[in-house]
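1. this one's structure only:
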């Protein structure tokens with residue numbers, strides 16, 4: 001059974017960098033051919049895909065967030081980390097990490113992923 005757990009600060013000030021880590025257990029983040037996504041849900045809105053890091057280490061980001069996003073991994077800890085820079089209150093959301101295997105799916109769709117973290121609330125406020 002694969003488990004994912006998000007961790008990181010729940011409150012970030014505007015203009016700072018949001019950093020969240022997803023710790024994976026029960027499966028390796030280098031296992032062929034999975035990818036590991038970050039997805040968020042702002043209050044009252046739908047899911048928004050942020051980006052992923054694949055089993056190979058390749059990354060792919062949402063065009064709308066690409067300029068502010070970085071995803072990297074620590075294979076020794078079986079973790080991957082999201083960094084989102086220059087945050088504003090519009091980045092307030094519940095942030096999730098999840099595992100996918102179909103690279104042709106809708107990355108913002110809940111059904112694309114077979115395992116999810118429980119989600120973590122991040123609020124951007126001074």
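-> Cool, the structure landed. Small disclaimer: the values here were computed from a predicted structure and weren't measured.

2. Tell me where this structure has strands.
-> Assigned by DSSP state E, the chain shows strands spanning 3-7, 11-12, 18-25, 35-41, 48-54, 59-61, 69-74, 79-84, 93-100, 113-116, 120-124.

3. what sits against the residue nearest to residue 98 when sequence neighbours are not counted?
-> Of all residues not flanking residue 98 in the chain, residue 113 sits nearest, at 3.8 Å (CB to CB, 6 or more residues apart in numbering). (Glycine included, C-beta is placed from N, CA and C.) The contact partners of residue 113, taken as CB atoms under 8 Å, 6 or more residues apart in numbering, are 37, 39, 98-100.

4. For residue 113, name its beta-bridge partners.
-> Residue 113 has these beta-bridge partners by DSSP bridges: residue 100.

5. In space, not sequence, find me the middle residue of this structure.
-> For the chain, residue 38 is the residue whose C-alpha lies nearest the centre (CA atoms, centre = their mean; 1.8 Å).

6. separation between that residue and residue 50?
-> Using CB to CB, to the nearest Å, residue 38 is found at 4 Å from residue 50.

7. what do you get for residue 106?
-> Residue 106 is 14 Å from residue 50, where distance means CB to CB.
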